[in-house]
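K.L.:
Kindly return the folded structure for what I paste below:
(chains A and B)
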Amino acid sequence: AQSVTQLDSHVSVSEGTPVLLRCNYSSSYSPSLFWYVQHPNKGLQLLLKYTSAATLVKGINGFEAEFKKSETSFHLTKPSAHMSDAAEYFCVVSDLSRANNLFFGTGTRLTVIP
Amino acid sequence: NAGVTQTPKFQVLKTGQSMTLQCAQDMNHNSMYWYRQDPGMGLRLIYYSASEGTTDKGEVPNGYNVSRLNKREFSLRLESAAPSQTSVYFCASRYDPQETQYFGPGTRLLVL
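P.N.:
Here you go, the predicted structure:
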């Protein structure tokens, strides 16, 4: 079975500084990986997804993530944080052995300090 | 396109009461899903329907039942609510297993 681990439950950055949200995955074969964002009291929105094409994946709102097989990581980055980036971020893996169902990490809450 | 819609937005139940959460999608998606979200635990899959006429258990199905009423609608029923079912419930859908899942706005349920 596949799983993901989000290494930080809470990350705090100043506006205009880089964002790094860390995610490691566990997989017995090539996974599909996603990052979703959830703003307060809202549903989830897909930021980006990796499906075995390019290892550097660009998403919406200036976010990107790099799939590193040697490190089993899929960290989310953004060069410059904006106040509107404050939200909960979920790293997600799709499990081929379980009907490609999604399995979520526990989430990282991003706070952006003005 | 409304996408994925859920009703109600918020509900308070007493222990032992029953209720049905409704979900509908207008994107002609084949697969639909119910998740619950609890603090510090991410989203966990309760039940899913890979196609019209089929339903399967997810990670945490106990205490719930589902009905795939037609291609558009997928309901989640709590027959006898318990405080442990206090959570935020999300419905999602996608066209096929290779495609992106789209989520509804959620239903916040409080069981007293």
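
K.L.:
hmm, stretch B:83-103 in reach of chain A?
P.N.:
Yes. For stretch B:83-103 and chain A, the contact criterion (CB under 8 Å from any CB of the partner chain) is met by B:90, B:92, B:97, B:98, B:100, B:101, B:102, B:103. Every C-beta, even on glycine, is put in place using the N, C-alpha and C of the backbone.

K.L.:
and the closest residue to residue A:85 other than its chain neighbours, what does it touch?
P.N.:
Spatially, and ignoring its direct neighbours in sequence, residue A:85 is nearest to residue A:112 (5.6 Å; CB to CB, 6 or more residues apart in numbering or on different chains). By CB atoms under 8 Å, 6 or more residues apart in numbering or on different chains, the residues touching residue A:112 are A:12, A:13, A:14, A:15, A:81, A:82, A:83, A:85, A:86.

K.L.:
Check the residue nearest the centre of chain B and give its pLDDT.
P.N.:
Centroid check for chain B by CA atoms, centre = their mean gives residue B:34 as the closest residue, at 3.0 Å. Looking at residue B:34, its pLDDT is 97.

K.L.:
can I assume it sits in a strand?
P.N.:
Yes. Judged by DSSP: H, G, I helix; E, B strand; the rest coil, residue B:34 forms part of a strand.

K.L.:
tell me which parts of chain A are close to chain B?
P.N.:
Within chain A, the positions near chain B by CB under 8 Å from any CB are A:9, A:34, A:36, A:42-46, A:49, A:51, A:90, A:94, A:99-107.

K.L.:
ok so, going back, quick one: buried ones out of the residues of stretch B:83-103 next to chain A?
P.N.:
For the residues of stretch B:83-103 next to chain A, a burial check counting by 16 or more other CB atoms under 10 Å in any protein chain shown picks out B:90, B:92, B:101, B:102, B:103.

K.L.:
Show me which parts of the helix or strand containing the second one are buried, residue by residue.
P.N.:
Per DSSP states H and E, residue B:92 falls inside strand B:87-94. Using 16+ other CB under 10 Å as the burial criterion, the residues of strand B:87-94 that qualify are B:87, B:88, B:89, B:90, B:91, B:92, B:93, B:94.

K.L.:
and the gap between the first one and residue B:21?
P.N.:
Meaning residue B:87. Per CB to CB, to the nearest Å, residue B:87 is found 11 Å from residue B:21.

K.L.:
what sits in contact with each of those two?
P.N.:
residue B:109.

K.L.:
Next secondary structure element downstream of the strand holding residue B:92?
P.N.:
On the C-terminal side of strand B:87-94, the nearest following helix or strand under DSSP H and E is strand B:102-103.

K.L.:
Show the average pLDDT along that following strand.
P.N.:
For strand B:102-103, mean pLDDT is 94.

K.L.:
now stretch A:51-69
P.N.:
Across stretch A:51-69, the average pLDDT comes to 91.

K.L.:
quick one: terminal-to-terminal distance for it?
P.N.:
Using CA to CA, to the nearest Å, the end-to-end distance of stretch A:51-69 comes to 13 Å.

K.L.:
Now do that stretch: everything it contacts.
P.N.:
Contacts of stretch A:51-69 with the rest of the structure, by CB under 8 Å, 6+ apart, involve A:19, A:30, A:32-33, A:35, A:45-50, A:73-80, A:84-85, B:98.

K.L.:
Show me which of those are buried.
P.N.:
The neighbour-count test (16+ other CB under 10 Å) marks A:19, A:32-33, A:35, A:46-50, A:73-76, A:78, A:85 as buried among the contacts of stretch A:51-69.
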